[in-house]
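Sequence and predicted structure are below.
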Amino acid sequence: MFHNVKQSNSPFRRVKLKLCAIPSQNLPKRLFERPTPSPLKIKRVQRAERATRRDLMLKCVKEDNLESKISPERNNTPSTVRRKIYFSSEHKEVPEEECLCEHLPLDDTAVEQNTESSVTAVDTTSKDIGIQVDPAEFLAINITLMDLIKSDSDINSFTGLSKIEFLKDITKISNILMAKLQYNIQFSLDTEMRICLTLCKLKLNMSYKSLSVLFRISDTSCKNYFIETINLLFLIFKSMIVWPSKSNIEKNLPSCFTNYKETRVILDCFETTIEKPKCLNCRIRTYSHYKGNNTIKLMVGIAPDGLITFLSSVYGGRASDKFIFVNSGILDKCTEGDAIMVDKGFLIEQECVDSGVKLFRPPFLGKNKQLSTKDGIENAEIARARVHIERAIQRIKIFKILQQKVPWSYLPIIDKITTVICGVVNISRPIISEKGFNIERNED
């Protein structure tokens, strides 16, 4: 491989590689040729180190279990397992963020180093790293959602009720009503849990599988309980949607209705999407050109003080506001001299005139380029008074069962669902605060 440049036996002769020779020595790499480990490789090495330490810990625990089986007299000791952990010196240079303390509760306040041996002992004060628990006893504890609800904020988040006392009161009324109706059905859940399950479905629209985990029953039972309890709650909450007397409205008239004292009810409609029906006729009746989807539509009426006082039946999204108004029968509840406040979409002038009812509605622009000063002031005053119906509808839509697509199978009970939701809204905090009322005049 080598050949001498000078043909001499001098020890200082010059050695040179042949032109066709290949170096066989492991020559050192230059700095720019040394590959730096990639982040993935570093993580892989750190993961392997953690696995090694974890295997060491498991080996120690297995040795303890084996010793306890060999010597039964040790079983009389307390259930807490105490052990000192030793690490070999090969794990001494592990970075601090990768130490075992992150995974197991070890106390590293005292460390003794033995210089005479190659073993570095982490001599710590004893600390519990495991507790012997009977799995059968743990599984026997059935924790449900009712065990987790401890405050008014919790009950409001899951059911929409503002106080826990309301749930207890509704439960008492339900028990009395079931006794009168002579319910002969055996339930695995008590009345309070069934009501909570139903309201959770309305507020959060959780799947029946999720509810079955929270209430420790099957998903089929959850569905049956929901439908059964909705029928029961409908009988209770429909009495909370009351048409007030005219004198009662005058006593609780907000200051924004000073120029509209004859107002008996404020009306508006809202829509929510549903699953696309298979029947072609149903698709036509429920298709809404405004939403561009299959929807259901209903009309809500509130008193000037913000209380929901009227709720129409549910119609298909194709129905107009005028059609729902005429068929709802609300004009039969009004007396001559009363007034109704609506939006521009309600073209009901002739129907109100025939019934002797006034109509408060924002003025139309028509062919004019802009509203007159009088119409502009009237438009602002009506909008300031009508904003409360928007807030009431917003509270209704907080219940996610009306935010998401309503299953087609719920349509037979959708009227009862909306009634229960409106009843829950009525027993919540008022829409209008005390500052919105003329308190001095009401006290007189």
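Right, received. Where do you want to start? Numbers count the residues shown, from 1 in each chain.

Mind giving me the packing neighbours of the strand or helix carrying residue 249?
Taking DSSP states H and E as the criterion, residue 249 maps to helix 246-251. Packing contacts for helix 246-251, counted by 3 or more Cβ pairs under 8 Å, 6 or more residues apart in numbering; DSSP states H and E, involve strand 263-273. Every residue, glycine included, has its C-beta placed from N, CA and C.

just to revisit the earlier point, pull out the buried residues from the helix holding residue 249.
Across helix 246-251, burial judged by 16 or more other Cβ atoms under 10 Å covers residue 249.

who touches that helix?
Here helix 246-251 makes contact (Cβ atoms under 8 Å, 6 or more residues apart in numbering) with 261, 263-264, 303-305, 335, 338, 442.

and the gap between the closest residue to residue 207 other than its chain neighbours and residue 208?
With Cβ to Cβ, 6 or more residues apart in numbering as the measure, residue 219 is the residue that lies nearest to residue 207, at 7.8 Å, once sequence neighbours are left out. Residue 219 is 4 Å from residue 208, where distance means Cβ to Cβ, to the nearest Å.

what do you get for residue 44?
Noted for residue 44: a distance of 43 Å to residue 208, by Cβ to Cβ.

average model confidence for the longest helix belonging to the chain?
Counting by DSSP state H, the longest helix found in the chain is helix 39-70. Mean pLDDT, helix 39-70: 82.

quick one, helices of the stretch 251-400 of the chain?
In the stretch 251-400 of the chain, the helices defined using DSSP state H, counting those that start in this stretch lie at 280-286, 321-328, 349-355, 373-396, 400-403.

For burial, what's the neighbour tally of the residue nearest to residue 259 when sequence neighbours are not counted?
By the measure of Cβ to Cβ, 6+ apart, the closest residue to residue 259 outside its immediate chain neighbours is residue 381, 6.1 Å from it. Residues near residue 381, counting by other Cβ atoms under 10 Å, number 17.

Could you do the one 3 residues further on as well?
Residue 384 sits with 12 neighbouring residues when counted by other Cβ under 10 Å.

what does residue 205 give?
16.

who's in contact with the closest residue to it other than its chain neighbours?
Here the nearest residue to residue 205 in space, its sequence neighbours aside, is residue 400; by Cβ to Cβ, 6+ apart that works out to 4.0 Å. Residues in contact with residue 400, defined by Cβ under 8 Å, 6+ apart, are 203-205.

10 Å instead?
201-206 (Cβ atoms under 10 Å, 6 or more residues apart in numbering).

Tabulate those residues (TSV), appending pLDDT and secondary structure.
What follows is those, written out as TSV (pLDDT from 0 to 100; DSSP: H, G, I helix; E, B strand; the rest coil):
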residue	pLDDT	secondary structure
201	96	helix
202	96	helix
203	96	helix
204	95	helix
205	94	coil
206	93	coil
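
which one of the residues you listed is nearest residue 176?
The shortest gap between residue 176 and any of the contacts of residue 400 belongs to residue 202, at 22.4 Å (Cβ to Cβ).

what's the neighbour count on the closest one?
21.

quick one, what contacts it?
Residues near residue 202 by Cβ under 10 Å, 6+ apart: 159-160, 226, 230, 233, 399-402, 417-418, 420-421, 424.

Can you give the domain ranges for the protein?
When the chain is parsed into structural domains using automatic domain parsing, the resulting residue ranges are 39-121, 145-239, 242-443.

residue contacts, the residue nearest to residue 259?
Listed by Cβ under 10 Å, 6+ apart, the contact partners of residue 381 are 256-260, 360, 362.

As JSON lines, the contacts of residue 202 with distance to residue 331, secondary structure and pLDDT would be great.
Formatted as JSON lines, those follow (distance: Cβ to Cβ, whole Å; DSSP: H, G, I helix; E, B strand; the rest coil; pLDDT from 0 to 100):
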{"residue": "159", "distance to residue 331": "35", "secondary structure": "helix", "pLDDT": "94"}
{"residue": "160", "distance to residue 331": "32", "secondary structure": "coil", "pLDDT": "93"}
{"residue": "226", "distance to residue 331": "35", "secondary structure": "helix", "pLDDT": "96"}
{"residue": "230", "distance to residue 331": "30", "secondary structure": "helix", "pLDDT": "96"}
{"residue": "233", "distance to residue 331": "29", "secondary structure": "helix", "pLDDT": "96"}
{"residue": "399", "distance to residue 331": "29", "secondary structure": "coil", "pLDDT": "96"}
{"residue": "400", "distance to residue 331": "34", "secondary structure": "helix", "pLDDT": "95"}
{"residue": "401", "distance to residue 331": "31", "secondary structure": "helix", "pLDDT": "95"}
{"residue": "402", "distance to residue 331": "27", "secondary structure": "helix", "pLDDT": "94"}
{"residue": "417", "distance to residue 331": "26", "secondary structure": "helix", "pLDDT": "96"}
{"residue": "418", "distance to residue 331": "21", "secondary structure": "helix", "pLDDT": "96"}
{"residue": "420", "distance to residue 331": "26", "secondary structure": "helix", "pLDDT": "97"}
{"residue": "421", "distance to residue 331": "25", "secondary structure": "helix", "pLDDT": "97"}
{"residue": "424", "distance to residue 331": "28", "secondary structure": "helix", "pLDDT": "96"}
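
Cheers, nothing more for now.
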